[in-house]
Structures are given as structure tokens and as C-alpha cells.
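1. Task: produce atomic coordinates for the following.
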Amino acid sequence: MKITKAQAQANRAHVVETASTLFRERGYDGVGVADLMAAAGFTHGGFYKHFGSKADLMAESAACGIAHSAALTAGVDMSEFVQIYLSRAHRDTRATGCTMAALCGDAVRQPEAVRTTFADGIEIQLAALSQPDTSLAGADAGQARARSLDILAHAVGAIVMSRACPDDSPLADEILSICRDKILASLSPSATTSTPVGVCTTS
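-> Got it, this is the predicted structure:
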């Protein structure tokens, strides 16, 4: 039976969402097209009715995951974002967590279209984070962007480093704790006039 255009679009969206979850959990090289389509409930042959290549799906699923994260963080206070992002709960849930933290390391080895998606995604996330940051009152746009980028880069890096450690490693929690405290300290009123700090370095 021929499916409707609306159903085809819904099927495609379901594949993208499934891929977004599986790629974050296993990495780009850890998920084959056949396994991905099976997880979505479709046959392998149906993949090429929707996508030109696996790289096309990687780019689209990354854009989907990043847009979802940005929507969740838009309007959230920067301090609240940091506490949620640099938590053990986020660290332990790759499949549903931040796409950038889960896949930036993989993206560097992928085609330019995938890397462009990540660059665009970073801009989207920066825009979402910059809106609620009242600690930057009086700072110009360049200073605000630099501070947001500094915080985002250190938060993503902290999750990546923590996940690289064994799950029960004290270091995994230490990385999150130190980086979280350093970033939150940089957001205090007394630190708002300072230049962006390397929040994962020792004092």
C-alpha cells in the first residue's frame, strides 16, 4: 500500500530522531545503516528513499539534536544551565544528552557538511545561552559572546573528559565538580568585569 506524503515525512522524521539518539550513544562509526533502520522499525532498503548517504543523515540528525538542546536551554539562566549540564545525570546519559558533547570528537573526522552542521549548531546554542545571561549587563556584544563561548567550550570539554574516564572513577566526578564550581564562580557579580577564565585550570 502506498503511503501518503504526510506519512513519509513522519517516517523520515522518526528515522532522524532515532539516528540522533543512536549516534549520541554509540558514535557515528558505531551505528550502521541497517542497524539504524531496524531500530527505527524500517527495512534497510528504505533508507535511500529518504537520504542520499549516511553522512546526510549524520548532518540532519546532529542539527535535530542541537536544535532540541538549544530549545531546552533558551531562557534558562546561565548558572542553572551550568549546574544541569555539568551534572552526573547528564554525564551518564549520552543518548539523550548534548549532541556536541557526545559527537564533536567524531565530527572532526566527518565530511565538511557534518562539520558545518556542528559549527552552525554552536552558533545556535550560543544564541540560546546569551539571552538569559543578566550577569553581563553593560557588556558589549563581543564581550558577551566571548564569555558565553568560553563557558560553553569548557562545559562541553568537561563532559567529554569525564566520560572518557571509567564510570566509577573518582576523577570523572572531580572533573565535573571542579569545572562546575569554577564556571559558577566566574558568573558571580565580582567576576563579571574579568576577562573569560580557563575554568578547568587550577587556581
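2. Just give me the longest helix of this structure.
-> helix 141-164 (DSSP state H).
3. Okay, buried residues for it please.
-> Within helix 141-164, the residues scored as buried using 16 or more other C-beta atoms under 10 Å are 144-145, 147-160, 162-163. Placement of C-beta: from N, CA and C, glycine included.
4. How about stretch 103-113?
-> For stretch 103-113, the neighbour count (16+ other C-beta under 10 Å) marks L103, C104, D106, A107, Q110 as buried.
5. which strands and helices sit next to the helix or strand harbouring the third one?
-> Right, D106. Per DSSP states H and E, D106 falls inside helix 99-107. The helices and strands touching helix 99-107, judged by 3 or more C-beta pairs under 8 Å, 6 or more residues apart in numbering; DSSP states H and E, are helix 5-26, helix 54-73, helix 112-130, helix 141-164.
6. May I have the longest helix of the chain exported as PDB, CA atoms only?
-> What follows is helix 141-164, C-alpha atoms only, in PDB (Å, rounded to 0.1, in the frame of the first residue of the first chain):
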ATOM      1  CA  ALA A 141      28.000  42.100  22.300                       C
ATOM      2  CA  GLY A 142      31.600  41.000  21.700                       C
ATOM      3  CA  GLN A 143      32.300  40.500  25.400                       C
ATOM      4  CA  ALA A 144      29.000  38.700  25.900                       C
ATOM      5  CA  ARG A 145      29.700  36.300  23.100                       C
ATOM      6  CA  ALA A 146      33.300  35.700  24.300                       C
ATOM      7  CA  ARG A 147      32.100  34.900  27.800                       C
ATOM      8  CA  SER A 148      29.300  32.600  26.500                       C
ATOM      9  CA  LEU A 149      31.700  30.800  24.200                       C
ATOM     10  CA  ASP A 150      34.200  30.400  26.900                       C
ATOM     11  CA  ILE A 151      31.600  28.800  29.300                       C
ATOM     12  CA  LEU A 152      30.200  26.600  26.600                       C
ATOM     13  CA  ALA A 153      33.600  25.300  25.400                       C
ATOM     14  CA  HIS A 154      34.700  24.500  29.000                       C
ATOM     15  CA  ALA A 155      31.400  22.800  29.900                       C
ATOM     16  CA  VAL A 156      31.400  20.600  26.700                       C
ATOM     17  CA  GLY A 157      35.100  19.800  27.300                       C
ATOM     18  CA  ALA A 158      34.400  18.800  30.900                       C
ATOM     19  CA  ILE A 159      31.700  16.400  29.900                       C
ATOM     20  CA  VAL A 160      34.000  14.900  27.200                       C
ATOM     21  CA  MET A 161      36.800  14.400  29.700                       C
ATOM     22  CA  SER A 162      34.600  13.000  32.400                       C
ATOM     23  CA  ARG A 163      33.000  10.500  30.000                       C
ATOM     24  CA  ALA A 164      36.500   9.400  28.900                       C
END
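7. Quick check: which helices or strands does it pack against?
-> The elements that helix 141-164 packs onto, with contact taken as 3+ C-beta pairs under 8 Å, 6+ apart, are helix 78-85, helix 88-91, helix 99-107, helix 112-130, helix 170-186.
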